[in-house]
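Asker: following is a predicted model, sequence given first.
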Amino acid sequence: MARRIKEIAKDNWQVIFSHTLREGKRVADALPNHGHRVHLDIVMFDNPPSWFSDLYQDDLSDLGLSRLVPTSFI
């Protein structure tokens, strides 16, 4: 997958990669987890599910969650 991304980035485009921890984008982290729980190949929503709204609001406000860092790294 990473190789394919690098191939696409070589095209005549301006590409900026930015890493975000999963705690910073809770909706993007929650959707695939939900898909694994329902054991279906494709999950489509006509409307956002009820569990989605709090995560979405957190993402909009950049609230996120703190990440615990082992004290050996401090």
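Answerer: Arrived safely, thanks for sending. Remember, predicted model here, so these are calculated numbers, not experimental data.

Asker: got the CA coordinates for stretch 47-65 in PDB?
Answerer: Output of stretch 47-65 as PDB, limited to C-alpha atoms (Å, rounded to 0.1, in the frame of the first residue of the first chain):
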ATOM      1  CA  ASN A  47     -27.700   9.000   8.000                       C
ATOM      2  CA  PRO A  48     -24.900   9.200  10.500                       C
ATOM      3  CA  PRO A  49     -25.300   6.600  13.200                       C
ATOM      4  CA  SER A  50     -26.000   7.800  16.700                       C
ATOM      5  CA  TRP A  51     -22.600   6.900  18.100                       C
ATOM      6  CA  PHE A  52     -21.000   9.100  15.300                       C
ATOM      7  CA  SER A  53     -22.200  12.500  16.500                       C
ATOM      8  CA  ASP A  54     -20.100  12.800  19.600                       C
ATOM      9  CA  LEU A  55     -17.000  11.700  17.900                       C
ATOM     10  CA  TYR A  56     -17.600  14.100  15.000                       C
ATOM     11  CA  GLN A  57     -18.100  17.000  17.400                       C
ATOM     12  CA  ASP A  58     -14.800  16.100  19.100                       C
ATOM     13  CA  ASP A  59     -13.000  16.000  15.700                       C
ATOM     14  CA  LEU A  60     -14.500  19.400  14.800                       C
ATOM     15  CA  SER A  61     -13.300  21.000  18.000                       C
ATOM     16  CA  ASP A  62      -9.900  19.300  17.800                       C
ATOM     17  CA  LEU A  63     -10.600  17.900  21.200                       C
ATOM     18  CA  GLY A  64      -9.000  14.500  20.600                       C
ATOM     19  CA  LEU A  65      -7.700  12.400  23.400                       C
END
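
Asker: just the element for the residue sitting nearest the centre point of the chain, please.
Answerer: Centre of the chain computed as the mean C-alpha position; nearest residue by CA atoms, centre = their mean is Ala28, 2.9 Å away. According to DSSP states H and E, Ala28 maps onto helix 26-38.

Asker: so for stretch 44-53, mean pLDDT?
Answerer: For stretch 44-53, mean pLDDT is 83.
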